[in-house]
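Chemist: What follows is a predicted structure for the sequence shown.
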Amino acid sequence: MYTLAVCAEMVFLDQPIQERARRIHEAGFQVEIWDWTRHDLAALEHTGAVFSSMTGYIRGSLTDKEGAAELLRTAEESVKAAERLGCPRLNLHGTGLDDKGLPWVPVAGEATGPMWIAAHRTLTRIAELGESAGVVFTLENLNTAVDHPGVPFARAADTLALVAAVDRPGLRMNLDLYHAQIGEGNLIELVRRAHGLGLIGEIQVADVPGRHEPGTGEISYPSVARTLADLGYDGTVAMEAWSSGADDLALERFRSAFTPSDHSDH
């Protein structure tokens, strides 16, 4: 069965990051972080938490020579940080990061053919790095309508196409269903397609609208959970969501939506 994780960047915000990680761990979840350079890795190491994913680069981009070189250089730094935390997955986006570690750098118009070719070349090198280091890089889909306007390779269809074209075990897709719901919808078929291709490295969830925990919006996450169980998905499902109220309650709502016993009659 799949493993549940929670992003420590979005819950228990009144606490330092190491305390957030500790509380998530004590609640029975694995822990995800974003830009590791913003945190005390030694303090995180001592929380006892199991780290599931972290941002896999600091600077750089997929589509130009200088940006790709910087992406690869900072990905190598991120691999070393991941080794310290025992973190198996490092997350990527189709664009550069802002000062909060979030993907934001837009491009004018649609991604061009040369940009696709450059992205494929860069991601192939990233996959090779992951394979040599024993980690998996994941490419996350984003939405451009609400959170990341102008970001290239944002749609789930685009990230899936790039991962499929690279076709190496060091690169998989981080299928974010919150972003996919805003950008494309048809989530269950999207999950089935990506799983059928063997390209899912992780699934992230939050509800729409508001990006709060499952059960607060329009997405039927118990239906998604049944689909994952039926498919035999045994990877990670991570809540990357803001709490709609009490943080502990948000974690329990997430657990309830994805608890296998809730779906044993299907």
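Modeler: Yep, that arrived.
Chemist: Okay, helices next: where are they in this structure?
Modeler: Per DSSP state H, the chain carries helices over the ranges 17-26, 41-45, 65-85, 113-133, 156-166, 177-183, 187-196, 221-231, 247-257.
Chemist: got the buried residues for the fourth one?
Modeler: The neighbour-count check on helix 113-133 (16 or more other C-beta atoms under 10 Å) flags 115-116, 118-119, 122-127, 129-130, 133 as buried. Where C-beta positions appear, they are placed from N, C-alpha and C, glycine not excepted.
Chemist: Just the closest of these to Asp35, please.
Modeler: Closest to Asp35 out of the buried residues of helix 113-133 is Ile126 (17.2 Å), distances taken as C-beta to C-beta.
Chemist: Contact partners for the closest one?
Modeler: Residues near Ile126 by C-beta atoms under 8 Å, 6 or more residues apart in numbering: Gly56, Leu71, Leu72, Ala75, Leu92, Phe137, Gly170, Leu171.
Chemist: Could you check how far it is from Leu92?
Modeler: 7 Å (C-beta to C-beta, to the nearest Å).
Chemist: what do the two both touch?
Modeler: Residues within reach of Ile126 and of Leu92 at once, by C-beta under 8 Å, 6+ apart, are Gly56, Phe137.
Chemist: Tell me the spacing between the residue nearest to Ala133 when sequence neighbours are not counted and Gly130.
Modeler: The shortest distance from Ala133 to any residue other than its chain neighbours is 4.6 Å, reached at Val79 (C-beta to C-beta, 6 or more residues apart in numbering). The spacing between Val79 and Gly130, counted by C-beta to C-beta, is 8 Å.
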